[in-house]
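Student: Return a 3D structure for these sequence lines:
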Amino acid sequence: MDDLENAILICFESGPVEASLKPQAAAYCQQAKEAPDICRICIQKLWFCSLVQVQFWCLQTLQDVLRVSYGSMTLDERSFVRSSVFSMACLEGVDSNENVVRVVEGPVFVKNKLAQVLVTLIYFEYPLVWSSVFVDFMGHLSKGGVVIDMFCRVLNGLDDELISLDYPRSPEEIAVAARVKDAMRQQCVPQIARAWYDIVSAYRNSDPELSATVLDCMRRFVSWIDINLVANDAFVPLLFELILSEGLADQVRGAAAGCVLAMVAKRMEPHSKLPLLKTLQISRVFGLVSEDADSELVSKVSALVTGYAVEVLECHKRLNSEETKAVSMDLLNEVLPSVFYVMRNCEVDSTFSIVQFLMGYVSTLKGLPALKEKQLLHITQILEVIRIQICYDPMYRNNLDALDKIGLEEEDRMSEFRKDLFVLLRTVGRVAPEVTQHFIRNALANAVESSSERNVEEVEAALSLLYSLGESMTEEAMKSGSGCLSVLIPMLLTTKFPGHSHRLVALVYLENITRYMKFIQENSQYIPNVLGAFLDERGLHHQNVHVSRRAYYLFMRVVKLLKSKLVPFIDKILQNLQDTLSQLTTMNFASRQLSGTEDGSHIFEAIGLIIGLEDVPAEKQSDYLSLLLTPLCQQIEKGLMEAKVANGEEFPVKIANIQFAIVAINALSKGFSERLVTVSRPRIGLMFKQTLDMLLRILVEFPKVEPLRSKVISLIHRMVETLGPSVLPYLPKALEQLLADSEPKEMVGFLVLLNQLICKFSGSLRGILEEVFPVVADRIFKVIPIDGLTPCTGTVTDEEMRELIELQRTLFTFLHVMATHDLSSVFLVKSMTYIEPMTLLLLNASCTHKDITVRKACVQIFIRLIEDWCPKQYTVEKVPGFQDFMSNSFATNCCLLSVLDTSFDFNDANTQGLLSEIITVQRVMYERFGNAFLMHLMSGAFPSANCPQEMAEQYCQKLQGNDIGGLKSYYQSLIKNLRLQQNGNHVFR
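Tutor: Next comes the predicted model:
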């Protein structure tokens, strides 16, 4: 063993090796690779060294040299490598020399590497240099299995490395592949096909593995060779004989099925493909799919059957003659039962999309006037496939019930997996509604009666089918109970489903009831059944907290739909909810297992919707509300006392308990109208007013606790809608507390509240706003620059910038609401300190803000300010300097220069709306300022934009007229001309 062989062995050694040896060995090998005679060295060792590590290294080195240095090799070097490697592959000259090593008899990885070296030579040399490689190779196939195996490896390597489109290819590789395939088609493909046939026929029994190898090789080539070379009277009978031979190895039978599938899937025109599909008589293999589902043969035959069905369906879609459509439909009808069997019982090939195929088949039925019996049978089988596919695996039952990490992942996976299947279900439901509804009814009945171990999963699947079906049903169909719905919904409501204790079954059951409430609205005799489902252990009292909390929300939706129809059941409902309400109003928040939309507040909203109806007697209504409000107020009272003395760990829990009570009161009040609590039943209003007193206490005692603050603001919003003007006496104190020491980011919620109050009460709020506005303006103008927000505004983080942008937007809305509700006089009280920063901020925004709707709102604010502050006849200005500011700064910057900017897109609908407001504001300025405004335009604005005097005069004339549409059109034309002039592309005439 020489040094190179030793170095190679060390490099391949996976066990412990002295630390310094491997780097030294790798360096030595690399140095050897760079030697000028490395090809001769490698060939020599391949002939005479039996160490497989050395053989592999030499073959890899030869491949690397050919790939990198082929162009620089001499003709003799290329010829030496070519003849040597080919001789090794074909066992040339080995019989006369006993010392020669037979590389082709080595391990698989060495044989594959030898094949890759040959493929690399073919890449560079076939057919121009080495045109006879395939013909020469076939001359040696008579030497037996070893050479045949190598020939197949070369062909397979050629497919993997060059021809197959399953891998990304460079343009150069695509061009070489085309060259190789064209040459092979002309020179040797027919001989190769004949060799495949002869080898398989000869070795099918004596060497099944070799036969399977040859068939797999053939399968790869079918896609690009002449189909008649394999789809003929010799090959097709042989392949089906192999598939159907029970005594033959499954490996060979499966490989034969793969070849037939390759013929079926070969890209061809449909008028040529259909006769081929018909002549195959594929029905001969249908019986095989019912054998052992786990066997490789069944998997291969299943792929053949589904692939055949896909091609037949494609022919049916693309062929238009009645004759060909009839032939393709007959073939489809013949294969579909086996396809459905495969879908239900076998592992489907990954390249076959069940949903895509079935959707394609169902679409062929859409245009038919009536479905035949066989097609209706196929629809039923499709529905059964859907039902089986959407079933959860029982192995995840406990995980899904507890909704642990594994259960959550499985539910997410199935939710995604089911989407397309449910789309298919709804499509089938539109094509054959009665069959679909009958199937679901039977699925529900069978699931109820089933005692199988999959009972939970089958019930859940049947209920999910029913739920999904509802998505495609019209409201009228639901109300009337069309088809089987009049049987299905009562069945749903009156049946005790097995597995109801499981989270999945319980949830989809309640979701179904909620989905089909339109039917129950029209059939009120089922209301007791609905209430029973929600109020007993199937819903609000379910053992699984995920179910009970979801039931709160769904029950609220049911109540919204039924409302007055539930009045006779109020006592029953409250009696059944007594323990739930008691638990919610006394539970320590730390023990709550869910939060957010399912935190339990929806149950209070549901009750509020029922007891808030005027149909409820006044005295009972007061009693009901007191029954609910009292414990919630007590919870707040208790929470406030405990929070004062709570330590660091307990404090958030106490605050959370107060939060929940506030949210519950908020939800409860949604069922009470303003008219009821202020006019017809003021006693109810008084009860809600008492909660406002408690809110003020919260703001006083915990003004800086943000979660509480946001919940209090939300409840004030709610009380404004519920109590109407009677809430006004509480507002000064509440707003004072909310404004005290508030941070800029907290101002957003405060401004939103003010916007609601202004929209609700308008002028009635003037006195409060006169006190509040200066404080608001002072806080905001300290953090928002009057020249607007830019990415470089101060040293702020991304989050802080988002908060400032939101605050600025909310401020603009607030100013707009103030101006449009006749409250602009509020801006003038307690000195006019904030007029200048406010108008400059509005000017900047109306000119440059990225959001066109914000710019439009700012212009509208200016319109109202002009109308309010600049009456037509006046001697003293209300706001000194405002008229001059509007005529000069605003008219020039907003009305002209900002419109001249090319970012002002006249093709955009929002921008056109802004342009209309800019025209309007100029009209208003002319009406209020008269000729003084026109003089400002002629002497200041238009000259600043280099506008020709003639055009400026013409615009001023139009501004004095009454044709607003004409004025806008002319102004747009004027701006476009000015833009062209600035680019030097236009000469004014």
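Student: by contact count, what packs against the one helix or strand residue 846 maps to?
Tutor: Assigned by DSSP states H and E, residue 846 belongs to helix 835-848. Counting contacts by 3 or more Cβ pairs under 8 Å, 6 or more residues apart in numbering; DSSP states H and E, helix 835-848 is packed against helix 766-781, helix 798-820, helix 852-869, helix 882-885, helix 898-900. (Each C-beta comes from the backbone N, C-alpha and C, glycine too.)
Student: got a list of contacts for that helix?
Tutor: Residues outside helix 835-848 that contact it (Cβ atoms under 8 Å, 6 or more residues apart in numbering): 777, 781, 784, 786-788, 812, 815, 827-828, 854-855, 858-859, 861-862, 865, 879, 882, 885, 889-890, 893-894, 897-898.
Student: again with stretch 521-533
Tutor: 479-481, 489-490, 493-494, 509-510, 513, 517, 520, 538-539, 558, 561-562, 565-566, 569, 572-573.
Student: Mind giving me the ChimeraX select for these, buried ones only?
Tutor: Remark: buried members of the contacts of stretch 521-533, expressed as a ChimeraX selection using 16 or more other Cβ atoms under 10 Å:
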select :479,481,489,490,493,509,510,513,517,520,538,539,558,562,566,569,573
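Student: Could you pull up the residues touching the residue nearest the centre of the chain?
Tutor: By Cα atoms, centre = their mean, the chain has its centre lying nearest to residue 416, at 9.4 Å. With Cβ under 8 Å, 6+ apart as the criterion, no residue contacts residue 416.
Student: measure it to residue 982 for me?
Tutor: 55 Å (Cβ to Cβ, to the nearest Å).
Student: Sort out which residues of the host helix or strand of residue 554 are buried, please.
Tutor: Here residue 554 is covered by helix 545-562, with elements defined by DSSP H and E. Buried positions in helix 545-562, judged by neighbour count with 16+ other Cβ under 10 Å: 546-559, 562.
Student: Give the other helices and strands that it contacts.
Tutor: Secondary-structure packing of helix 545-562 (3+ Cβ pairs under 8 Å, 6+ apart): helix 503-515, helix 517-522, helix 527-535, helix 601-611.
Student: and with 6 Å instead?
Tutor: If you count contacts as 3 or more Cβ pairs under 6 Å, 6 or more residues apart in numbering; DSSP states H and E, helix 545-562 packs onto helix 503-515, helix 601-611.
Student: Identify the residues contacting the longest one?
Tutor: Applying Cβ atoms under 6 Å, 6 or more residues apart in numbering, the contact partners of helix 503-515 are 400-401, 459-460, 463-464, 466-467, 470, 492, 499-500, 530, 533, 539, 542, 544, 546-547, 551, 554, 557.
Student: could you point out which element follows the helix or strand where the residue nearest to the centre of the chain lies?
Tutor: Assigning secondary structure by DSSP H and E places residue 416 in helix 405-431. For helix 405-431, the following helix or strand on the C-terminal side (DSSP H and E) is helix 433-449.
Student: Report the angle between that following helix and helix 405-431.
Tutor: 140 degrees (axes from the mean of the first three to the mean of the last three Cα atoms, to 10 degrees).
Student: For helix 433-449, what is the distance to the chain centroid?
Tutor: 31 Å (Cα atoms, centre = their mean, to the nearest Å).
Student: Just the buried residues of it, please?
Tutor: 433, 435, 436, 437, 438, 439, 440, 441, 443, 444, 447, 448.
Student: do you know how far the closest residue to the fourth one other than its chain neighbours is from residue 388?
Tutor: Among residues not flanking residue 437 along the chain, residue 484 sits closest, at 3.8 Å (Cβ to Cβ, 6 or more residues apart in numbering). From residue 484 over to residue 388 the distance is 21 Å, taken as Cβ to Cβ.
Student: of the two, who's got more company?
Tutor: A direct count of neighbours by other Cβ atoms under 10 Å for residue 484 and residue 388 places residue 484 higher, at 19 against 13.
Student: List the contacts of that one.
Tutor: 437, 438, 441.
Student: run the last query once more with 8 Å
Tutor: 434, 437, 438, 440, 441.
Student: Equivalent analysis for residue 465, please.
Tutor: 383, 386, 387, 390, 425, 439, 440, 443.
Student: quick one: it from residue 392, how far?
Tutor: From residue 465 to residue 392 the distance is 14 Å (Cβ to Cβ).
Student: for the buried residues of helix 433-449, which one is nearest residue 625?
Tutor: residue 444 (41.0 Å; Cβ to Cβ).
Student: Grab the nearest non-local neighbour of the closest one.
Tutor: residue 462 (4.7 Å).
Student: same check, this time on residue 368
Tutor: residue 375 (7.6 Å).
Student: Give me the angle between the strand or helix carrying the one you found and helix 405-431.
Tutor: If you go by DSSP H and E, residue 375 is part of helix 373-390. With the same axes, to 10 degrees defining the directions, helix 373-390 sits at 160 degrees from helix 405-431.
Student: Dump helix 373-390 to PDB, restricted to CA.
Tutor: What follows is helix 373-390 as a C-alpha-only set of coordinates in PDB (Å, rounded to 0.1, in the frame of the first residue of the first chain):
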ATOM      1  CA  GLU A 373     -77.700   6.600 -11.800                       C
ATOM      2  CA  LYS A 374     -74.000   5.700 -12.200                       C
ATOM      3  CA  GLN A 375     -73.000   9.400 -11.800                       C
ATOM      4  CA  LEU A 376     -75.100   9.700  -8.700                       C
ATOM      5  CA  LEU A 377     -73.400   6.600  -7.300                       C
ATOM      6  CA  HIS A 378     -70.000   8.300  -8.000                       C
ATOM      7  CA  ILE A 379     -71.200  11.400  -6.200                       C
ATOM      8  CA  THR A 380     -71.900   9.300  -3.100                       C
ATOM      9  CA  GLN A 381     -68.500   7.600  -3.300                       C
ATOM     10  CA  ILE A 382     -66.900  11.100  -3.600                       C
ATOM     11  CA  LEU A 383     -68.700  12.100  -0.400                       C
ATOM     12  CA  GLU A 384     -67.500   9.000   1.300                       C
ATOM     13  CA  VAL A 385     -63.900   9.800   0.300                       C
ATOM     14  CA  ILE A 386     -64.300  13.300   1.700                       C
ATOM     15  CA  ARG A 387     -65.700  11.900   4.900                       C
ATOM     16  CA  ILE A 388     -62.800   9.400   5.400                       C
ATOM     17  CA  GLN A 389     -60.100  12.000   4.400                       C
ATOM     18  CA  ILE A 390     -61.400  14.600   7.000                       C
END
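Student: related to what we said a few turns ago, including distance to residue 67 and pLDDT, could the contacts of residue 465 go into JSON lines?
Tutor: Shown next, in JSON lines, are the contacts of residue 465 (distance: Cβ to Cβ, whole Å; pLDDT from 0 to 100):
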{"residue": "383", "distance to residue 67": "56", "pLDDT": "96"}
{"residue": "386", "distance to residue 67": "51", "pLDDT": "95"}
{"residue": "387", "distance to residue 67": "54", "pLDDT": "94"}
{"residue": "390", "distance to residue 67": "51", "pLDDT": "95"}
{"residue": "425", "distance to residue 67": "53", "pLDDT": "95"}
{"residue": "439", "distance to residue 67": "60", "pLDDT": "95"}
{"residue": "440", "distance to residue 67": "61", "pLDDT": "94"}
{"residue": "443", "distance to residue 67": "60", "pLDDT": "93"}
